[in-house]
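*Asks:* below are the sequence and a predicted model; questions follow.
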Amino acid sequence: MKIALNYRNIDPDKGGAETYVADLTRSLVARGHEVTLVAEHVKPGCVPIQTKILNVPVSGLSRSARIWSFANRSEELLNDCKGQFDATMGFINTWHHDVIIPQGGLRAGSILHNAERFHSPLRRAVYRLLKRLSPSEWKYDKIEQLQYDPARNARVVAVSKLVAGHLQRFRRVAADRIHVVYNSIDPNRFTVDDPAVVRHAAREKLGLPADAHVGLFVGHNFWLKGLKPLLEALAARHRANPAGEKVFLLVSGRGKLGPFQKMVAKLGLADSVKLLGFTPDVKSLFHAADFFVSPTYYDPCSLVVMEALACSLPVITTACNGAGELITPGLEGFVVERPDDQHGLIRAIDAMTDREARMKMAFAARMLGQAQTFEAHVDKLENIFAEVAAEKQKQRARQESGLSKPHFPGINAGKSTLSMDRDRG
């Protein structure tokens with residue numbers, strides 16, 4: 001198939017989305033597809049040499065102006081190429097595609113869940129109001145309106161059922177146009193030659209007892225990812241049963257540590273919670289831990305949860321995380337309804353102190369995580385592209401059939417040859 005991918009800056013050094021587009025390009029080319037990148041910039045060497053590049057000229061002084069310039073000129077170029085591609089796909093801040101994959105979810109869904117971080121109804125209301133009054137939010141809202149305009153009839157790849165629900169609720173996308181395709185990982189990213197050796201070394205370095213129960217939290221936005229309710233649950237658990245099995249928690253990420261250092265001290269968790277900050281070698285933490293915990297307020301489909309599963313870590317997360325939809329409670333971990341479900345969190349943490357049960361969950365977790373491969377992900381996208389191509393072929397056949405019928409008075413009256421040629425294309 002001839003496939004066009006539309007993304008502004010394709011440079012894996014810039015971030016996850018950029019890496020994803022480059023990886024997808026390589027996979028599609030390896031499968032024999034002819035891929036064209038519609039982009040302002042493509043880092044040399046990051047995609048196969050067979051890849052065609054359609055450069056999009058961009059103008060404007062501000063970031064906002066350049067975003068709009070790229071989107072509009074992408075639309076113009078794709079219109080000029082009408083009929084040349086079997087399927088086109090966009091990712092963010094563009095709208096002229098056969099397939100759209102909003103990997104970050106919808107803005108409205110993000111705002112809805114982000115507001116839940118605030119216990120006060122007044123603070124939640126103020127947060128939502130400020131978002132509605134923000135010019136940048138108006139811009140993103142306009143982009144989403146164009147992306148999900150029913151007249152475009154685009155297919156939408158939702159990275160979870162959570163996002164699929166938001167698409168129907170906030171953008172009225174028809175259910176039959178939505179395809180749920182979960183995010184994917186490299187299951188071997190954290191593989192080591194001898195996990196036991198890495199585990200022992202990491203625990204020794206962190207000052208953790210060899211037989212301790214250790215949970216791991218990884219995230220850059222500590223507030224959004226639910227670190228506060230997690231710390232509160234650990235403190236409440238200890239108060240309720242001071243003689244119970246002790247649980248240590250490792251916290252890694254780029255978030256601001258100050259407020260949480262004070263919180264840890266106030267809750268009496270200084271001897272069991274280690275706020276590590278950003279950890280370049282997060283691989284060692286996955287092997288040092290016994291389970292992973294992410295009581296997030298919102299995550300369309302967390303990659304780190306999938307990575308934890310692939311590392312044999314049972315997972316505790318929330319129904320606000322699309323990746324939680326993959327977990328069967330009690331088999332690969334536990335899914336609590338909300339981050340502030342303190343009793344649910346405590347029960348899940350308690351379950352992780354049962355070594356025999358945890359070993360069984362670890363095996364199931366690894367099986368689930370290892371199945372979330374990029375190749376399996378691309379298989380599903382390839383099927384969607386094939387459906388789009390077949391749909392286009394049928395449309396062309398209908399158009400050609402209609403134009404080949406005998407002319408009757410009143411039919412196509414006044415229609416020029418030029419306009420009929422345009423219909424045919």
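*Replies:* Yep, that arrived. This one's a predicted model, so the numbers in the text were calculated from it and none came from an experiment.
*Asks:* so, low pLDDT: which residues of the chain?
*Replies:* 402-425 (pLDDT under 70).
*Asks:* just give me the longest helix of it.
*Replies:* Counting residues, the longest helix found in the chain (DSSP state H) is helix 374-404.
*Asks:* buried residues in it, which are they?
*Replies:* Across helix 374-404, burial judged by 16 or more other C-beta atoms under 10 Å covers 374, 377-378, 381-382, 384-385, 388-389. (C-beta placed from N, C-alpha, C; glycine too.)
*Asks:* distance to Pro121 for those residues - can I get that in a markdown table?
*Replies:* Shown next, in a markdown table, are the buried residues of helix 374-404 (distance: C-beta to C-beta, whole Å):
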| residue | distance to Pro121 |
| --- | --- |
| Phe374 | 42 |
| His377 | 40 |
| Val378 | 44 |
| Leu381 | 41 |
| Glu382 | 46 |
| Ile384 | 41 |
| Phe385 | 45 |
| Val388 | 44 |
| Ala389 | 50 |
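*Asks:* wait, which of those residues is closest to His96?
*Replies:* Val388 (13.9 Å; C-beta to C-beta).
*Asks:* so what does the helix or strand that contains Arg347 touch, helix or strand wise?
*Replies:* Using DSSP states H and E, Arg347 maps to helix 342-351. Contact here means 3 or more C-beta pairs under 8 Å, 6 or more residues apart in numbering; DSSP states H and E; on that basis helix 342-351 packs against helix 227-240, strand 315-318, strand 333-336.
*Asks:* let's see 7 Å
*Replies:* helix 227-240, strand 333-336 (3 or more C-beta pairs under 7 Å, 6 or more residues apart in numbering; DSSP states H and E).
*Asks:* mind giving me the packing neighbours of whatever helix or strand comes next after it?
*Replies:* Counting by DSSP H and E, the next helix or strand C-terminal to helix 342-351 is helix 355-370. In this structure, helix 355-370 packs against helix 303-310, with contacts taken as 3+ C-beta pairs under 7 Å, 6+ apart.
*Asks:* quick one: contacts of the helix it packs on?
*Replies:* Here helix 303-310 makes contact (C-beta atoms under 7 Å, 6 or more residues apart in numbering) with 183, 185, 187, 189-190, 218, 286, 292, 294, 315, 317, 321, 323, 332, 365-366, 368-370, 372.
*Asks:* helix, strand, or coil at Ala115?
*Replies:* Secondary structure state of Ala115, per DSSP: H, G, I helix; E, B strand; the rest coil, is helix.
*Asks:* check His96 too.
*Replies:* Recorded secondary structure, His96: coil (three-state DSSP).
*Asks:* what is the burial count for the residue lying closest to it once chain neighbours are set aside?
*Replies:* Of all residues not flanking His96 in the chain, Glu75 sits nearest, at 4.0 Å (C-beta to C-beta, 6 or more residues apart in numbering). Per other C-beta atoms under 10 Å, the neighbour tally for Glu75 reads 18.
*Asks:* for Asp141, same thing?
*Replies:* The local packing of Asp141 (other C-beta under 10 Å) involves 17 other residues.
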